[in-house]
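>>> my questions are about this predicted structure, shown below with the sequence.
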Amino acid sequence: VSEFIAGLKTPTKGINGAFLGPVMRMNAGENVRMNVTNSLREQTTLHWHGFHLPAHADGGPHQVINPATTWSPQFEVRQKASTMWYHSHLMGKTAEQVWAGIAGMIIVQDEEAKALGLPSTYGVDDIPVALQDRTILANGTMPYAPNMHDNMMGLTGNIPMANGTIGAVFDVTTSLVRLRLLNGANGSIYSIGFSDGRSFKKIASDGGLLAQPVEMEIMYLAPGERAEIIVDMSDGKETTLTHFVRLSQSEASPQFAFLNLKPAANLTTSNPLPAKLATLAPAIASEAKNTRRFVLDMRGMMMMGRFTINDTQMDMNVINEAVPVNTTEIWELENRSRMSHPFHVHNTQFRILDRDGSPVGPAEQGREVREAINLLGGFDAGQLTGSRQEVVEGRRVIGDRAGGNLPRPSGDQRDADAALVHRALKTSKRAVGVEELVTVPAFVVRAVVGGKQDKRLLVDLQFFDQPHQSPHVGVHPADHGRVPFFRKIGRAHV
């Protein structure tokens, strides 16, 4: 049970807590063992979203954890420094369980990233922020009750939350702040900017650091997507991380205020942001040995409608595509459906080649583990690779297979959107429903999919749906006694 609103008790589910789960920190190269105990009164799974790991440790729909049992996957952390997350992935119940709170964030660290001098003090200048929206009724309940529209487009709420907190505030003490953003919503695509129109630097996407910081004023973030940004607070002025929504072709309005950044009177000066972050090998299409095409569509009408990929629905007992080991392929993805589709491939990463024939900008040229387009990537042995559409409600009607894409605006459209934000900040406009943000142009996209330290990290995780005393979460010894997933941002000691 959680108390998002004072005096109202809201039934929720969580991992080592009442809602959501602890932020875990891992080091590249270390061996991790997770002891995941299911104390719910229903089945669940726990998927390590974005990780490159053996199929038996993936935590997807095939690895069901029954009530009163413990699942103990073990794997080596093979990721570069990045922000990942974990969540329920039970077939037909993913959306409901994520809505209730079965999700959390993971920070992966490596020596190369540490050497850059980026803001990296957890809870001080390096802040994980899970962005969500929920609907809470007058009686305190947060019912998962999707209607026909929600089943097709994704369930959205009318109350914004940051790390499970409504009206979250963070007390800034440094001139630069690093926000590790996760769109943990079921169906909302967020247009992220700041209430005063200030710019920020994007330094990382799903798969880790970009080649160099990219200055932006608005950034699109789809369900399941992560991005790391650096915010300059040296002017000493408050600002609020905000989701903006388009009212018309010429008007936009702040829709959700997620997180207020409140600087102290005297800020500690941060290290300057380096001009170069990571060396990324170019995505070379000629290296691909094969090209596959996946067409997303929606068949039928209303509640009888079903999502398909290449005219086929998901079947847990069928392997739809067989990819040879140690090969690089191009996947061409076309969205013919009436909704936007983020895209995620388990156990590998990809590089985006183009969208509708046009190269993507520098903010999308990093390693990706979701959101597809023209994909270039490689496949290793010993893996079950699946691809999924990531608007969570879609998993209730299609489940997993291969393909999907998030139609995103062109570069010109992004510039126009940024200009709209500035105009919106100067005038007061009514806020409209998030569903008005969703557009469905038919985009064709391509991407490239591809490609030891003797340490052990042991983490005990347990699901809860009742009032309880949370067990201690072991992360790293330096973190013992800290709040694992802070509630009132900036008000808790982390």
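Everything's here; your move.

>>> in the protein, what spans have low per-residue confidence?
By pLDDT under 70, the low-scoring segments of the chain are 248-252, 300-305, 367-459, 463-494.

>>> the same query, at a cut-off of 80, please.
Low-confidence segments of the chain, defined by pLDDT under 80: 148-149, 151-154, 246-254, 283, 298-306, 338-344, 365-494.

>>> longest strand of it?
strand 252-268 (DSSP state E).

>>> identify the residues contacting Val64.
Val64 sits next to 43-45, 90 when contact means CB atoms under 8 Å, 6 or more residues apart in numbering. Glycine gets a C-beta too; all of them are placed from N, C-alpha and C.

>>> quick one on the thing from earlier: I'd like the C-alpha coordinates of the longest strand of the chain written as PDB, please.
Extracted C-alpha coordinates of strand 252-268, given in PDB (Å, rounded to 0.1, in the frame of the first residue of the first chain):
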ATOM      1  CA  ALA A 252       1.900  23.800 -27.400                       C
ATOM      2  CA  SER A 253       1.200  23.600 -23.600                       C
ATOM      3  CA  PRO A 254       2.900  22.200 -20.500                       C
ATOM      4  CA  GLN A 255       1.000  19.000 -19.700                       C
ATOM      5  CA  PHE A 256       2.800  17.300 -16.800                       C
ATOM      6  CA  ALA A 257       5.200  18.900 -14.300                       C
ATOM      7  CA  PHE A 258       7.400  16.000 -13.200                       C
ATOM      8  CA  LEU A 259      10.300  17.200 -11.100                       C
ATOM      9  CA  ASN A 260      11.100  20.700  -9.700                       C
ATOM     10  CA  LEU A 261      14.900  21.400  -9.500                       C
ATOM     11  CA  LYS A 262      15.500  23.900  -6.700                       C
ATOM     12  CA  PRO A 263      19.100  25.200  -6.500                       C
ATOM     13  CA  ALA A 264      20.800  26.100  -3.300                       C
ATOM     14  CA  ALA A 265      22.100  29.600  -2.700                       C
ATOM     15  CA  ASN A 266      25.700  28.500  -3.200                       C
ATOM     16  CA  LEU A 267      26.400  25.700  -5.700                       C
ATOM     17  CA  THR A 268      29.500  23.500  -5.900                       C
END
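
>>> all strands for the stretch 251-400 of the chain, in order.
252-268, 290-299, 306-309, 327-335, 343-345, 350-355, 374-379, 387-389, 400-401 (DSSP state E, counting those that start in this stretch).

>>> nearest to Arg25, of the ones you listed?
Comparing the strands of the stretch 251-400 of the chain against Arg25 with CB to CB, the closest turns out to be strand 252-268 (20.7 Å).

>>> what residues of that closest one count as buried?
Of all the residues in strand 252-268, those buried under the rule 16 or more other CB atoms under 10 Å are 252-261, 263, 267.

>>> and that strand, what does it pack onto?
Counting contacts by 3 or more CB pairs under 8 Å, 6 or more residues apart in numbering; DSSP states H and E, strand 252-268 packs against strand 126-134, strand 159-162, strand 168-174, strand 239-246, helix 411-426.

>>> recalculate using a threshold of 6 Å.
If you count contacts as 3 or more CB pairs under 6 Å, 6 or more residues apart in numbering; DSSP states H and E, strand 252-268 packs onto strand 159-162, strand 168-174, strand 239-246, helix 411-426.

>>> quick one: it to strand 126-134, angle?
150 degrees (axes from the mean of the first three to the mean of the last three CA atoms, to 10 degrees).

>>> just checking: what are the partner strands of strand 252-268?
Here strand 252-268 is paired, per DSSP bridges, with strand 168-174 (parallel), strand 239-246 (antiparallel).

>>> for these, give me CSV that also has distance to Arg351.
Converted to CSV, the strands paired with strand 252-268 look like this (distance: least, CB to CB, whole Å):
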stretch, distance to Arg351
strand 168-174, 33
strand 239-246, 28
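
>>> those strands: which one's closest to Met316?
Going by CB to CB, the one of the strands paired with strand 252-268 nearest Met316 is strand 239-246, 34.7 Å.

>>> for the closest one, buried residues please.
Judged by neighbour count (16+ other CB under 10 Å), strand 239-246 contains these buried residues: 239-246.

>>> and those residues, which two are furthest apart?
Among these, Thr239 and Arg246 lie farthest apart (CB to CB), at 21.1 Å.

>>> returning to that earlier point: looking at the buried residues of strand 239-246, which one is closest to Thr327?
When the buried residues of strand 239-246 are compared for distance to Thr327 (CB to CB), His243 wins out at 39.5 Å.

>>> circling back: among the strands paired with strand 252-268, which is nearest Pro324?
With CB to CB as the criterion, Pro324 lies closest to strand 239-246 of those, at 42.1 Å.

>>> chain center to that closest one, what's the gap?
Centroid separation between strand 239-246 and its chain, computed with CA atoms, centre = their mean, to the nearest Å, is 18 Å.

>>> and stretch 91-104, by the same measure?
For stretch 91-104, the separation from the chain centroid amounts to 14 Å (computed by CA atoms, centre = their mean).

>>> what are the buried residues along that stretch?
For stretch 91-104, a neighbour-count test (16+ other CB under 10 Å) marks 91, 93-104 as buried.

>>> again, but for stretch 347-362
Neighbour-count burial for stretch 347-362, counted by 16+ other CB under 10 Å, picks out 347-355, 360.

>>> CA atoms only: put that stretch into CSV for me.
These are the backbone C-alpha positions of stretch 347-362, laid out as CSV (Å, rounded to 0.1, in the frame of the first residue of the first chain):
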residue,chain,number,x,y,z
ASN,A,347,19.8,-9.5,-25.7
THR,A,348,21.4,-7.3,-28.4
GLN,A,349,21.8,-3.7,-29.3
PHE,A,350,21.5,-1.9,-32.7
ARG,A,351,22.4,1.3,-34.5
ILE,A,352,19.8,3.3,-36.3
LEU,A,353,20.7,3.8,-40.0
ASP,A,354,17.9,6.0,-41.2
ARG,A,355,14.2,6.9,-40.9
ASP,A,356,12.2,6.9,-44.2
GLY,A,357,15.5,7.2,-46.0
SER,A,358,16.8,10.2,-44.0
PRO,A,359,19.7,9.9,-41.6
VAL,A,360,19.0,10.4,-38.0
GLY,A,361,20.5,13.2,-35.9
PRO,A,362,23.4,12.9,-33.5
